[in-house]
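**Student:** Sequence first, predicted model second:
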Amino acid sequence: MPVNAPLNRKLRMGLIGGGQGSFIGRVHATAALLDNRAELVAGALSSDPVKAKASAPDYDIPADRAYTSVPEMIDAELKLPADQRVDFVSVATPNHTHFPIAAAFAKAGFNVFCDKPLTFDLAQAEQLAEIVRDSGVVFAVTHNYTGYPLVRQAREMVMNGELGEINAIRAFYIQGWLRTRLEAENQKQAAWRTDPSKSGIAGCFGDIGTHAYNLGRFITGLIPEDISAHLKIFEPGRALDDYGTAIIRFGNGALGTVTASQISHGRENDLWIEVDGTKGSLEWHQEEPNKLLVRMNGKPHQIYTRNGGPYLGALAGVSTRLPSGHPEAFFEAFANIYAAAYDDIVKRANGQSFDREKSLYPSIGDGVDGMNFITQCVASSQQNGAWLKLKHDLCRS
Ligand SMILES: NC(=O)c1ccc[n+]([C@@H]2O[C@H](COP(=O)([O-])OP(=O)(O)OC[C@H]3O[C@@H](n4cnc5c(N)ncnc54)[C@H](O)[C@@H]3O)[C@@H](O)[C@H]2O)c1
């Protein structure tokens, strides 16, 4: 079957960020190309113009399409013939730059993948949602953990009612890399994440708490009503939270908790979630992503494995590439977000409609939901854990 039928060609990608010494840009570039549905042809790879140019050969981006800024890139790409211009860009830059970059590309008609948290603050996120709606572009937010086959399986099981009514969600994202003030040593990733002018109003909760929250929302589809949170700064001298817990009351009466830490000794990327329903419970760990544990009282515990057999649903089926037992993980899950959004990009290119609110990939609404979560966690914590409303007009169910 031709690539991206009926478009029958690879999509052209532009990468923003990902310059030498950076982290997630390379992951975007790898994941986006994994299924041979896209090629990386252009980029504005760094905030430093010299580095932006110097980083281009690392990605085989030709010198004439290695731009030194986003405005230069948009200008130049719009002047190219349509059959050369990028179809989409991936924004892998620090949080405070997401809004101006993503908004500029969306306004210019380019489809956008943007990393989380969506923007610097909620007002920007809501403005971006309007821009995306008006421009008609496809917009994906890389809450990449929703791309794991067994996370999608978990969602399908909840949606099919296999767990019964959902009563509780416990989501955790536990790291230890900011136990010391790495930012004071000028470590690149720590420096901007702990700087309120670049990270936003939250530190740990914006960086990883939002992933844990999003995971619970994706798996259960429960609509959040109110939130109470306590965020803490445990490393003296740090300006933003490095630990916190939030309690969420959902519309159906369920209770959820999100705990996020960047100061837990020895913990790497321990994102994990447990969901309790009236008929069964499930548990999934990002560091062991090829297993999903399902428990029902009076029955043996069940371990679902990725690609393990016909007991898996359609969502897990479309999300896996290798036979069972060969581990798939971070890159593949990230690529699954790309694959789902590519389907909509192809539809848009063919003049077909697509449903932004019911997408398999996290979309602009999920990004706004995440910013709403961060905003109300910080506000609640500042009011000694007061219960505050969460908006849910853009939430996926
Ligand atoms: N989804 C995930 O799992 C995940 C993981 C890590 C980071 N992130 C998110 O990705 C983003 C980047 O994080 P990181 O750790 O890769 O950061 P980083 O500091 O390692 O890299 C950021 C890159 O962006 C470039 N940059 C900054 N401003 C720019 C601009 N205006 N134009 C072009 N390039 C610019 C920098 O020069 C650098 O190359 C953040 O929003 C972060 O929250 C997501």
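**Tutor:** Looks like it arrived, so ask away. Numbers count the residues shown, from 1 in each chain.

**Student:** which residues are in contact with stretch 155-172?
**Tutor:** For stretch 155-172, the external contacting residues (C-beta atoms under 8 Å, 6 or more residues apart in numbering) are 212-213, 215-216, 218-222, 248, 250, 252-260, 270-282, 294, 313-316. The C-beta positions use only the backbone N, C-alpha and C, and glycine is treated the same way.

**Student:** Please disregard the earlier target; I meant stretch 348-365.
**Tutor:** Defining contact as C-beta under 8 Å, 6+ apart, one finds that stretch 348-365 is touched by 6-7, 87, 111, 118, 128-129, 132-133, 136-143, 146-147, 152, 214, 218, 315, 336-338, 340-341, 343-344, 347, 394-396.

**Student:** follow-up on the earlier one: buried subset of the contacts of stretch 155-172?
**Tutor:** 212-213, 215-216, 218-220, 222, 248, 250, 254, 256-260, 270-277, 280-282, 294, 313, 315-316 (16 or more other C-beta atoms under 10 Å).

**Student:** from the residues you listed, which ones fall inside strands?
**Tutor:** 248, 250, 256-260, 270-277, 281-282, 294 (DSSP state E).

**Student:** tell me the SS of the closest residue to the ligand within the stretch 151-300 of the chain?
**Tutor:** Closest approach of the stretch 151-300 of the chain to the ligand (C-beta to the nearest ligand atom) occurs at Gln189, with a separation of 4.5 Å. Following DSSP: H, G, I helix; E, B strand; the rest coil, Gln189 is assigned to helix.

**Student:** burial measure for it, as a count.
**Tutor:** Other residues within reach of Gln189 by the criterion other C-beta atoms under 10 Å amount to 17.

**Student:** That one and Glu183, how far apart?
**Tutor:** 9 Å (C-beta to C-beta, to the nearest Å).

**Student:** Domains in the protein, by residue range?
**Tutor:** When the chain is parsed with automatic domain parsing, its domains come out as 11-145, 148-322+363-389.

**Student:** Can I get the ones you listed in JSON lines including distance to Asp355 and mean pLDDT?
**Tutor:** Shown next, in JSON lines, are those (distance: least, C-beta to C-beta, whole Å; pLDDT from 0 to 100):
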{"stretch": "domain 11-145", "distance to Asp355": "11", "mean pLDDT": "98"}
{"stretch": "domain 148-322+363-389", "distance to Asp355": "9", "mean pLDDT": "97"}
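
**Student:** So Lys291 sits against Thr305, correct?
**Tutor:** Yes. When contacts are counted by C-beta atoms under 8 Å, Lys291 is listed as touching Thr305 (5.9 Å).

**Student:** quick one: the helices in the stretch 1-150 of the chain?
**Tutor:** Assigned by DSSP state H, counting those that start in this stretch, the helices in the stretch 1-150 of the chain fall at 24-33, 49-55, 70-79, 98-107, 122-135, 149-159.
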